[in-house]
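# Okay, sequence plus prediction incoming.
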Amino acid sequence: LGCAIPHWLAGLAAADGADVVALRLAGVAALGAGDAAAAVIGRRWGRAWWPGSSRTLRGSLAFWAAAWASYRFFAPPSALPSSLFWDVLPAVAVLEATAAHVDNL
C-alpha cells in the first residue's frame, strides 16, 4: 500500500500541476525507511499492540516518523505541502499496522 497508493494518485495529482516525482517518492520513503524503523523500534521498545495484531503502536509511530523524515530529506520544498503528509501518512501507518497478512501490496 505504501508504494501503490502514491503511484496511483500521481496521475490525479499531475492534472493539478503537482510534482508527481515527490508523490511517488513518498511511497518509497514509506516502505524503505518506515518499515525498517517500525520493525526495529517495534520489536525493541514496543509494549502496546494494535488490537488483533502482532504490530506495536511504537512501531507505527516509528514508521510515521521515519517516512516523514525521509520525505522531507528527499523531496524538493515545492513538491507537496507537508500537511498532505501529516494527514495521509498516519492513515497509511494504520493500514500497514492492521493489515491481516501481507502489508506490502
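Nice, I can see it.

# For the closest residue to residue 37 other than its chain neighbours, list the residues it contacts.
With Cβ to Cβ, 6 or more residues apart in numbering as the criterion, residue 37 has its nearest non-adjacent residue at 3.5 Å, and that residue is residue 66. Quick note: C-beta positions are derived from backbone N, CA and C, even for glycine. Contacts for residue 66 (Cβ atoms under 8 Å, 6 or more residues apart in numbering) come out as 29, 33, 34, 36, 37, 38.

# Against residue 45, how distant is residue 53?
Distance check for residue 53 against residue 45: by Cβ to Cβ, to the nearest Å, it reads 17 Å.

# oh, I was asking about residue 90
Residue 90 is 19 Å from residue 45, where distance means Cβ to Cβ.

# So the two - more neighbours on which side?
Taking other Cβ atoms under 10 Å, residue 90 and residue 45 do not tie; residue 90 has more neighbours (15 against 11).

# From what I see, that one and residue 65 are in contact.
No. Using Cβ atoms under 8 Å as the test, residue 90 is too far from residue 65 to be in contact (10.9 Å).

# Least confident secondary structure element in this structure?
Comparing every helix and strand of the chain by mean pLDDT, DSSP states H and E singles out helix 4-15 as the least confident one, with a mean of 66.

# Point out where this protein drops to low pLDDT.
Per-residue confidence for the chain (pLDDT under 70) gives these ranges: 1-20, 22-23, 26-27, 30, 75-85, 100-105.

# quick one, helices of it?
Secondary structure of the chain by DSSP state H: the helices cover 4-15, 20-29, 35-45, 57-74, 82-98.

# and the last one, what does it pack onto?
Same thing as helix 82-98. When contacts are defined as 3 or more Cβ pairs under 8 Å, 6 or more residues apart in numbering; DSSP states H and E, helix 82-98 packs onto helix 35-45, helix 57-74.

# Pick the most buried one from the ones you listed.
Ranked by mean neighbour count, the helices and strands packed on helix 82-98 are led by helix 57-74 with a mean of 20 (mean count of other Cβ atoms under 10 Å).
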